[in-house]
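J.: Quick one, what's the 3D model for this:
(one chain, ligands or ions: 1)
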Amino acid sequence: MKVEHYVGGAFRADGEPFPIIDPVDGTEAGTAPEATREVVDEAVTAARGAMAGPWGAASPQERSAALRRIADGIEARFEEFVDAETADTGKPRELAATVDVPRAIGNFRAYADLLYGRAEQAYNTVVPGWSGSGNALNYTVRRPLGVVAIISPWNLPLLLLTWKVAPALAAGNAVVAKPSEETPSSATLLASVIHESGLPPGAFNLVHGHGAGAAGEFLTGNPGVDAIAFTGESATGAAIMRKAADHVTPVSFELGGKNPALVFADADFDAAVEGTVRSSFTHSGQICLCTERVYVQRPVFEAFVAALGERARALEGYGPMISAEHRDKVLSYYRLARDEGATVVAGGGVPAFGDRRDGGFHVQPTVLTGLPETSRAVREEIFGPVCHVAPFDTEDEAVRLANDSPYGLAATVWTRDLSVAHRVAPRVEAGIVWVNCWNLRDLRTPFGGVKASGIGREGGEHSLDFFSEPVNVCVQI
Ligand code: NAD
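T.: Numbering: from 1, shown residues only. Reported below is the predicted structural model:
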């Protein structure tokens, strides 16, 4: 497919082409155009124009209908989206067909639905009251922020892009989106669906290109941008925040993680093993919510390590790392872990397939033990199919180990004891704590991280809160 920018309602492909690499076999699958500063500026200008035109005046009901048309449009081209997502990321087709693309549709429908509930509530909150100088009627209207820059990563390209685009449009903003340079295809298809849906020109714009010193930075530094919603690495978030400080631009950040799982001795053993296989190895560990630190209560520690190692060695059909660079980064952590004294229970290297995949960027699902908590492989986000398993004795120790991290995105607790679950979950410093499950998501619930894992919450009302501002109107009676 042809990867193009979408600016002011028109497709264009100006800018130096850069290669899109198929991570399954390392071959060049196509190119994408690198947006210049001029292209980015035009996209922001087009978005400002849309806010001053019919899109800025659209009612919540009209916006809701627009989101439904976009959801229907993705559904009608479901297979094309699965193809694009699979080609860019190398993820198993089944994953794209059961998670990424359905969730993209779900994101638009969820916010289309929510807008109706919201229209009756926060958009028209009436608070009769009084002020020092007499009676007054106060009410609150919610106003969109204006032009929102959305910058997304490569791991769940369509899911995470639409997770922000849908609520941003629902709240009445115009969007300029920049997907990851590694995965530009599904975003281009989305632009095509949005174009066909009849959204007013400029309400949604898409620019391609790299981040630092390129399209991403041109976008976040543009004074015409009223808010930045970003998902990616914590270090990138910090760089964007510095840029945003120049114009006091509000940010919503979903950043990295080093997520713990706490397995208590009373847990359903098989469920905890299977759950950890899923939470550590789904999408080859390239999900921000994946578990990289597993703490297991001592009576079941040895058995758990053995079972997890066996399952990791038996995994088949897993996808590659997104790029040669990322593969090298993950392998450097495998080496580092060995140097730091780890026991490699499973994996630790590169698989040999004897087919075209040997040219790609696969690494083995890996289980480690024996590292001190101070080691870099235990403290730093690797973002690959790897976890380190360590024992604990008491509940307090488990909580302390879970919280001994600069990150705080997600955690998983495995226990059959309800009291343990309810005591431990709120003590873990994370935005999301799953009990006896992982990545079970209701799109209305708050999603986000604490500490270096993010700023703000997305999901349901929380996203609409970020993408709009309450304006208090006070009428003296
Ligand atoms: P990344 O930070 O390298 O890139 C993300 C996006 O930011 C890309 O579009 C990139 O081009 C852009 N970018 C890079 N530098 C920029 C700059 N200086 N200014 C503006 N834009 C810039 O992240 P990645 O490697 O694509 O994604 C993996 C990371 O994302 C991991 O750390 C993972 O944990 C995190 N992540 C977090 C969540 C979450 O919800 N918390 C979800 C998915 C991924």
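
J.: use CA for all of it now, contacts and neighbours both
T.: Will do.

J.: Residue 147 touches residue 225, doesn't it?
T.: Yes - taking C-alpha atoms under 8 Å as the definition, residue 147 is a contact partner of residue 225 at 5.2 Å.

J.: which neighbours do these two share?
T.: Residues touching both residue 147 and residue 225 (C-alpha atoms under 8 Å, 6 or more residues apart in numbering) are residue 44.

J.: I figured residue 277 hits residue 314, correct?
T.: No - applying C-alpha under 8 Å, one finds residue 277 not in contact with residue 314, separated by 10.8 Å.

J.: neighbour-wise, which of those two wins?
T.: Using other C-alpha atoms under 10 Å, the more surrounded residue of residue 277 and residue 314 is residue 277, with 24 against 10.

J.: Just confirm that one is within a helix.
T.: Yes - per DSSP: H, G, I helix; E, B strand; the rest coil, residue 277 lies within a helix segment.

J.: Tell me who's in contact with the nearest residue to residue 86 once chain neighbours are set aside.
T.: The shortest distance from residue 86 to any non-neighbouring residue, by C-alpha to C-alpha, 6 or more residues apart in numbering, is to residue 93 (5.8 Å). Counting by C-alpha under 8 Å, 6+ apart, residue 93 touches 82, 83, 86.

J.: try residue 417
T.: Contact partners of residue 417, counting by C-alpha under 8 Å, 6+ apart, are 266, 267.

J.: Pull the number of nearby residues for residue 235.
T.: Here the number of neighbours of residue 235 (other C-alpha under 10 Å) works out to 12.

J.: Can you tell me the SS state at residue 389?
T.: Here residue 389 is recorded as strand under three-state DSSP.

J.: which residues are contacting the helix or strand hosting residue 176?
T.: In this structure, residue 176 sits in strand 174-178 according to DSSP states H and E. The contact list for strand 174-178 (C-alpha under 8 Å, 6+ apart) reads 43-44, 47-48, 50-51, 55, 146-152, 161, 165, 168-169, 202-209, 215-216.

J.: Stretch 362-379 too?
T.: In contact with stretch 362-379 (C-alpha under 8 Å, 6+ apart) are residues 24, 258, 281, 284, 292-293, 308-309, 312-313, 315, 319-321, 327, 330-331, 333, 336-337, 340-351, 385-390, 405-406.

J.: Tally up the residues packed near residue 38, please.
T.: 12.

J.: again but with residue 220, I slipped
T.: For residue 220, using other C-alpha under 10 Å, the count is 29.

J.: ok, now residue 168?
T.: Close neighbours of residue 168, defined as other C-alpha under 10 Å, add up to 28.

J.: Leaving out sequence neighbours, find the closest residue to it.
T.: Excluding the flanking residues, the one nearest residue 168 by C-alpha to C-alpha, 6+ apart is residue 467, at 5.6 Å.

J.: How about the secondary structure of residue 141?
T.: Strictly by three-state DSSP, residue 141 counts as strand.

J.: and the residue nearest to residue 168, how many residues sit next to it?
T.: 31.

J.: With residue 276 instead?
T.: Residue 276 is flanked by 25 other residues according to other C-alpha under 10 Å.

J.: now residue 102
T.: For residue 102, the count of nearby residues is 17 (other C-alpha under 10 Å).

J.: where in the stretch 201-350 of the chain is pLDDT low?
T.: Filtered on pLDDT under 70, the stretch 201-350 of the chain yields no residues whatsoever.

J.: where does the closest residue to residue 360 other than its chain neighbours fall, phi/psi-wise?
T.: In space, and not counting its chain neighbours, residue 360 is closest to residue 25: 3.7 Å by C-alpha to C-alpha, 6+ apart. Geometry field for residue 25 lists phi and psi as phi -130, psi 0, criterion degrees, to the nearest 10.

J.: One more: residue 164?
T.: phi -110, psi -40.

J.: Please apply the same query to residue 149.
T.: According to degrees, to the nearest 10, residue 149 has phi -90, psi 130.

J.: Distance check, it against residue 73.
T.: Remark: distance between residue 149 and residue 73 (C-alpha to C-alpha, to the nearest Å) = 23 Å.

J.: Among those two, which residue is more densely surrounded?
T.: Legend: neighbour count by other C-alpha under 10 Å for residue 149 and residue 73, higher for residue 149 (29 against 19).

J.: Who does that one form a beta bridge with?
T.: Judged by DSSP bridges, the bridge partners of residue 149 are residue 176, residue 228.

J.: what residue lies at the spatial centre of this structure?
T.: Centre of the chain computed as the mean C-alpha position; nearest residue by C-alpha atoms, centre = their mean is residue 160, 4.6 Å away.

J.: Let me see the mean pLDDT of the host helix or strand of it.
T.: For residue 160, the host element (DSSP H and E) is helix 157-170. For helix 157-170, mean pLDDT is 98.

J.: Let me know the angle separating that helix from strand 174-178.
T.: For helix 157-170 against strand 174-178, the angle by axes from the mean of the first three to the mean of the last three C-alpha atoms, to 10 degrees is 160 degrees.

J.: And the ligand, is helix 157-170 touching that?
T.: No - judged by C-alpha under 6 Å from any ligand atom, helix 157-170 and the ligand are separated, with a smallest distance of 7.0 Å.

J.: Renumber starting at 587 from here on
T.: Sounds good: first residue 587 from here, last item helix 743-756.

J.: now for that helix, which elements pack on it?
T.: For helix 743-756, the elements it packs on are helix 646-662, helix 687-706, strand 733-737, strand 760-764, helix 771-783, helix 1046-1052, judged by 3 or more C-alpha pairs under 8 Å, 6 or more residues apart in numbering; DSSP states H and E.

J.: quick one: buried residues of the last one?
T.: I take that to be helix 1046-1052. Within helix 1046-1052, the residues that count as buried by 16 or more other C-alpha atoms under 10 Å are 1046, 1047, 1048, 1049, 1050, 1051, 1052.

J.: among the residues you listed, which two are most distant?
T.: Of all pairs drawn from the buried residues of helix 1046-1052, the one with the longest distance (C-alpha to C-alpha) is 1046 and 1052, at 10.6 Å.

J.: circling back: number of nearby residues for the residue nearest to residue 946?
T.: Close neighbours of residue 611, defined as other C-alpha under 10 Å, add up to 18.

J.: Ok, residue 742 next?
T.: Residues near residue 742, counting by other C-alpha under 10 Å: 21.

J.: That one: what's its closest spatial neighbour, skipping adjacent residues?
T.: Excluding its sequence neighbours, the residue lying closest to residue 742 (C-alpha to C-alpha, 6+ apart) is residue 686, at 6.7 Å.

J.: Fine, thanks again, bye for now.
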